[in-house]
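> can't give you the sequence, but here's the structure:
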């Protein structure tokens, strides 16, 4: 009986350790969020180019944007149930609205850095009441790379209004690195601009451009993470010449399941 139990323990893959011929990334504990934080999956603005585990990930932020005199409310649920395919459900408030509007989409991880020199993901979202206050189709590309201990990411997206043909561009840049056990710090940014330059009357409240940028810090605690970001927010309305600038800050909570 003892010999049988010993044989089962030796053969169980879950007990494998780095250095036993098994890569460390192959034995990630499912309940640990640290690898998702390190991969940039829990940033406030940028979208990850690599999804490191099968399962569910939740990423939420709430705070206040002084430039818009409006709350910051955003939440994303990602489900990677098939390797390299991630389903997404989102909700956020746009502009000066205090109402959450939903969206859904998918991301495909096309390449891995260890094989192609770059993490690359492509996908799309459908947003109900998107950035330009109309139902919007968004195509998205996310690229990521690791320079030493620093995770670098860049996003580019194009939004197309379903009903009125409005168009906008979206660029995001971020960097993140570990600074202590389970603690990560870096920068994240987002800039969006209206690409439709017609003389027709614009929808009420449509922005010409907006941007958010600032430092971010995340602490991984088992399956949970807590994050904080702050910095600057700026925007300008299409119908006005005045730009507005102010502080922005938000706290985030993330988890993996």
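Received it, and whenever you're ready, just let me know what you need. Quantities reported herein were computed from a predicted structural model and do not represent experimental measurements.
> Which of the residues in stretch 69-80 are classified as buried?
Under the neighbour-count criterion of 16 or more other CB atoms under 10 Å, stretch 69-80 has 70-76, 78-80 buried. (C-beta placed from N, C-alpha, C; glycine too.)
> Just name the closest of the residues you listed to residue 250, please.
When the buried residues of stretch 69-80 are compared for distance to residue 250 (CB to CB), residue 72 wins out at 4.6 Å.
> Run through the residues that contact the closest one.
61-65, 93, 248-250 (CB atoms under 8 Å, 6 or more residues apart in numbering).
> With adjacent residues omitted, what lies nearest to it?
Ranked by CB to CB, 6 or more residues apart in numbering and with sequence neighbours excluded, the top spatial neighbour of residue 72 is residue 63, at 4.2 Å.
> Could you tell me which of the buried residues of stretch 69-80 belong to strands?
Secondary structure defined by DSSP state E assigns 70-76, 78-80 of the buried residues of stretch 69-80 to strands.
> picking that back up, among the contacts of residue 72, which two are most distant?
Largest separation among those by CB to CB: 93 and 249, giving 15.4 Å.
> The stretch 101-250 of the chain: strands as residue ranges?
Ranges of strands in the stretch 101-250 of the chain, per DSSP state E, counting those that start in this stretch, are 101-111, 119-127, 136-147, 150-161, 167-180, 183-194, 207-221, 224-237, 243-256.
> who's in contact with the third one?
Contact with strand 136-147 is made by 39-40, 46-50, 105, 107, 113, 117-127, 130, 151-162, 166, 170, as judged by CB under 8 Å, 6+ apart.
> Just the buried ones among the residues you listed, please.
Neighbour-count burial (16+ other CB under 10 Å) is assigned, among the contacts of strand 136-147, to 39-40, 46-50, 105, 107, 119-121, 123-127, 130, 151-155, 157, 159-161, 166, 170.
> one step back: now the buried residues of stretch 69-80 in CSV, with pLDDT and distance to residue 135?
Shown next, in CSV, are the buried residues of stretch 69-80 (pLDDT from 0 to 100; distance: CB to CB, whole Å):
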residue, pLDDT, distance to residue 135
70, 95, 21
71, 96, 22
72, 96, 22
73, 96, 19
74, 97, 18
75, 97, 19
76, 98, 19
78, 98, 22
79, 98, 23
80, 96, 26
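> Tabulate those (CSV), appending distance to residue 186.
As requested, the buried residues of stretch 69-80 are arranged in CSV below (distance: CB to CB, whole Å):
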residue, distance to residue 186
70, 25
71, 24
72, 18
73, 22
74, 18
75, 21
76, 18
78, 20
79, 26
80, 23
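> and which of the residues you listed is nearest to residue 206?
residue 70 (15.3 Å).
> what residue lies at the spatial centre of this protein?
The residue lying closest to the centre of the chain (CA atoms, centre = their mean) is residue 47, at 3.3 Å.
> Among the buried residues of stretch 69-80, which pair sits farthest apart?
Comparing all pairs in the buried residues of stretch 69-80 by CB to CB, the longest separation belongs to 70 and 80, at 31.8 Å.
> Closest to residue 218 out of the contacts of residue 72?
Closest to residue 218 out of the contacts of residue 72 is residue 61 (11.1 Å), distances taken as CB to CB.
> which residues does that closest one bridge with?
Under DSSP bridges, the beta-bridge partners of residue 61 are residue 74, residue 252.
> can you tell me which residues contact it?
Contact analysis of residue 61 by CB under 8 Å, 6+ apart lists 44, 72-75, 227, 229, 250-252.
> Pipe the residues you listed into TSV and attach distance to residue 85 per row.
TSV is the format used below for these (distance: CB to CB, whole Å):
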residue	distance to residue 85
44	24
72	29
73	27
74	23
75	21
227	26
229	28
250	29
251	30
252	25
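> Closest to residue 98 out of the residues you listed?
Nearest to residue 98 among the contacts of residue 61, counting by CB to CB, is residue 73 at 7.9 Å.
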